[in-house]
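> no sequence for this one, just the structure:
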């Protein structure tokens, strides 16, 4: 039996029935155990409450707007920064300057710290794994290296008796009322599942209850609570530390990518899910963690689903006997997780503990109500179909209006005046507006009118307004409209790519006389609670990323919210007083929505998951594929096969599918695999600092932002146009912006410089931190470039001059790292055509410096290397691009064959004619030397061993640009697939030498 209590063998705790006859002595033992598990109530606390029903779907409300009233202000803010807000006019979200310092591994100091550089890093030059290869050492959860010890006896006395008493506010939460049920369930099960409605306090209280329970988690282990988003990890840690009247980073801390906030006395850590996955690299059995709490499992992000799979596999194989796992969900999907982990607990049935929410009443309104309040109607499209979405409205007939009326009548809503009486409340204009409503349309005009209406009439009293928008583009447009209205709005944006400092502003109180208006993506749906929100405007639209494994193309499409999304969004109101939510879709459309979003495991590229599986789990490709089919959302086999092939092309896997040393090193760096490979190659080429800068912005976002205040000098060149300097490169433009920002920052005018040039100081602060970390990683791995003279200068980057050695080497590293992300340019009548090896035409996204690029050379000589692509609507756009030339592409092609008699060249999926010359011999020589030398440097854990003379010879070849390709074409199959047998000896491969000619593994 998996349960730890001795009486579990006689009695089914959850089923409330006996398993076998009891003796008097056994029964006496049961009573003693029950007395320990359920102590007498203190301070009048009664027995645990009965399980609550799951949250109900949003209900339609009468069309009439609620009467204005003056409600009291909400309670204290969840997580406030030091310093009071000024009563100035609202400005774009901009956090206080002074970015968080880079993450460092904890020392034995008693107080929390986060110092740049130093400490233990992801892989260490002198630390060798059992297999003799470079390995990843993720940040230890157990602070202080000496504290990682063997698990103690299960009866070890815990220090939890000295834990601070729960605050009065915490004791009023529904979770606290059910604390005995919760702790008993965790104590007697390997895996526990808790389903809690919005506002029940599960994310803040359950980790504390686990920490404070006696003899549940040994003192030499920590409790880790994962969050899918970093903003949630930070704000929850801040709230819990404050609730326990402790300094953040003492007993309670957090860990997100590159930022640690804990010390040797920390016992509760809030962390992103990806942090725990990387911990599995160096600690496969998670010995330092006593209880792992996985929050928001219902969101089904790819990291959470992958972690659940790894945990289940390890537990079923007996590899984590010490670990308690708690899954927390906010929806009725909790039963799915109970079924998934059902056999982990042995004979004990997994039954979710359900906790009711504690919220003030929230009224639901819909598109028809909003239109009636502010007399809004969507614009009719032109008869020629040139509307915003490319469709047409053929006139709103009486039949269409009557159909809307009938649909509203049939809406099943628990209202006092439902059905026909409710439908009669709407004017003909409103009914016509519903007929004109279009899916996935964001009605910014209506949003603006509603914000003004709530601001002035306050139908539910004073309080903040939270607006859910699908993406950054709609957030920026809405922000500008509200800013230009001249009203006293304190406008704040909330987006996953924003820095923690920026995100914090959403939790602050607005200046006196201002209304806080938060414009957010779905990041505010869960975990993150802005406790003064009274009004929620749900546009009903979300962005969903999909992935086509056949083409390898990702797409970001606008879709309607699911029912689960709508329920979560309504739950953001009513936390401190009565609330109101208006869903900007007709009430009769809600029944047709999907129940839940598609799990990310089914809509994402799988190369990172496959690579992490190889590092953590091991096994062949078929074994990895088989393991992934056991996940809650099994990915398509085609997606796994495509990921395996891409990792082979990247040299992270051998032809036989075995993990290479490069694959291990790539997996150790917490960025996308192609970015990690780019960093390692750049370090071998002695250009790590500018490469670290490129990787930092690819990992967060562009440093350029849309400025609200229009420049008075129309002739002044600012933003990307100012920093481009003829590079034809988004990557180098970002570097130049970073270099000049650092220069101005050291002069004391960094913020002014950002205002002048339309730069985000928060993004640059985070980039500075990441550059230091990336450079530190590579120095520990043997980097010896001339640009690093001491630890203090890790974040300072020299400018890159056009057509210099540094320019050539950096672009060479991009091509080698981002391969096969290349497109060739062909001259068109107005602008060049860019197309991929699939013959698909692409273009630079509209914010790129290359969006208006005009070709300077003949067809086939110019290429764009890019880090990612995204299909937006009908068009495929490359996101960040740099102009390179044919020698770069040929030097790093995976497979290449030259026929000098026919003057033909084949490389990967490309075919072209060439002009013979001595460059052919030099190209083949360099190809024969670069990859073996890079392999030796990685395997020896010493990047300084990559020959400097080879770097210079390669640079000279690239800068001379001796190659011209004529009549270049993309072909259906790669040269590697077509050529077999003895003919392969005439080919040049860019791969681990010992793997040439090996047979492919059976899939």
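Right, received. Where do you want to start? Bear in mind the structure is a predicted one, so any value in this text is a computation, not a measurement. Residues are numbered from 1 along each chain as shown.

> contacts and neighbour counts: CA atoms only from here.
OK.

> in the stretch 351-500 of the chain, which spans are helices?
Applying DSSP state H, counting those that start in this stretch to the stretch 351-500 of the chain gives helices spanning 367-374, 398-410, 419-423, 428-436, 444-457, 472-484, 500-504.

> least reliable of the ones you listed going by mean pLDDT?
The minimum mean pLDDT among these belongs to helix 419-423 (a mean of 64).

> hang on, the earlier thing: among the helices of the stretch 351-500 of the chain, which comes closest to residue 817?
Among the helices of the stretch 351-500 of the chain, helix 472-484 comes nearest to residue 817, with 28.2 Å by C-alpha to C-alpha.

> does the nearest residue to residue 277 once chain neighbours are set aside lie in a helix or a strand, and which?
Distances taken as C-alpha to C-alpha, 6 or more residues apart in numbering place residue 307 nearest to residue 277, at 6.5 Å, with adjacent residues excluded. Assessed by DSSP states H and E, residue 307 sits inside helix 302-316.

> how about residues contacting the very next helix or strand once past that helix?
Using DSSP H and E, the helix or strand that follows helix 302-316 towards the C-terminus is strand 324-329. Applying C-alpha atoms under 8 Å, 6 or more residues apart in numbering, the contact partners of strand 324-329 are 186, 189-196, 202, 290-298, 334.

> tilt between strand 324-329 and helix 302-316?
150 degrees (axes from the mean of the first three to the mean of the last three C-alpha atoms, to 10 degrees).

> what strands line up against strand 324-329, and which way round?
Paired neighbours of strand 324-329 in the sheet (DSSP bridges): strand 191-196 (parallel), strand 289-294 (parallel).

> for these, which one ends up most surrounded?
Mean neighbour count (mean count of other C-alpha atoms under 10 Å) peaks for strand 191-196 among these, with a mean of 26.

> ok, then the element right after that one?
helix 202-212.

> name the residues that touch that next one?
Around helix 202-212, the neighbours that count as contacts under C-alpha under 8 Å, 6+ apart are 160-161, 163, 170, 175-176, 179, 183, 196, 216-217, 223-225, 236, 239-240, 267-268, 291, 293, 295, 328, 527.

> tell me how far residue 765 lies from residue 308.
From residue 765 over to residue 308 the distance is 34 Å, taken as C-alpha to C-alpha, to the nearest Å.

> ok, back up a step: okay, buried residues for the helix holding residue 307 please.
Buried residues in helix 302-316, counted by 16 or more other C-alpha atoms under 10 Å: 302-315.

> and which of these is nearest to residue 886?
Of all those, residue 302 has the smallest distance to residue 886: 37.2 Å, by C-alpha to C-alpha.

> does that closest one touch residue 599 like I think?
Yes: here residue 302 reaches residue 599: they are 7.3 Å apart, a contact under C-alpha atoms under 8 Å.

> circling back: next, format the helices of the stretch 351-500 of the chain as TSV and append distance to residue 339.
Formatted as TSV, the helices of the stretch 351-500 of the chain follow (distance: least, C-alpha to C-alpha, whole Å):
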stretch	distance to residue 339
helix 367-374	38
helix 398-410	36
helix 419-423	39
helix 428-436	41
helix 444-457	42
helix 472-484	37
helix 500-504	36
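
> closest to residue 629 out of those helices?
Closest among the helices of the stretch 351-500 of the chain, using C-alpha to C-alpha: helix 472-484, at 34.2 Å.

> just the buried residues of that closest one, please?
By neighbour count with 16+ other C-alpha under 10 Å, helix 472-484 contains the buried residues 472, 474, 475, 476, 478, 479, 480, 482, 483.

> stretch 634-651 now?
Quick answer for stretch 634-651 (16+ other C-alpha under 10 Å): 634-636, 639-651.

> and stretch 794-811, how far apart are its ends?
21 Å.

> rounded mean pLDDT for it, please.
The predicted model gives stretch 794-811 an average pLDDT of 94.

> what does stretch 582-589 give?
Taken as a whole, stretch 582-589 has a mean pLDDT of 96.

> do me a favour and get the end-to-end distance for it?
End-to-end for stretch 582-589, by C-alpha to C-alpha: 14 Å.

> what lies in contact with that stretch?
Applying C-alpha under 8 Å, 6+ apart, the contact partners of stretch 582-589 are 60, 364-368, 370, 407-408, 410-411, 434, 437, 536-540, 566.

> what do you get for stretch 556-564?
Contacts with stretch 556-564, where a contact means C-alpha under 8 Å, 6+ apart, come from 57, 331, 439-440, 470, 540-546, 590, 593-597, 870-873.

> just the buried ones from the residues you listed?
331, 440, 470, 540-546, 590, 596, 870-871.

> now, which of those lie within strands?
Among these, the members found in strands (DSSP state E) are 541, 542, 543, 544, 545, 546, 870, 871.

> quick check: which ranges of the stretch 301-450 of the chain have low pLDDT?
Within the stretch 301-450 of the chain, the segments meeting pLDDT under 70 span 331-332, 346-349, 382-394, 413-421.

> the same query, at a cut-off of 50, please.
Where the stretch 301-450 of the chain drops to pLDDT under 50, the residues are 384-392, 414-419.

> for the stretch 701-850 of the chain, just list every one of the strands.
Listed in chain order, the strands of the stretch 701-850 of the chain (DSSP state E, counting those that start in this stretch) span residues 822-826, 833-835, 841-844.

> tell me which of those sits nearest to residue 749.
Closest to residue 749 of the strands of the stretch 701-850 of the chain, according to C-alpha to C-alpha: strand 841-844, at 33.1 Å.
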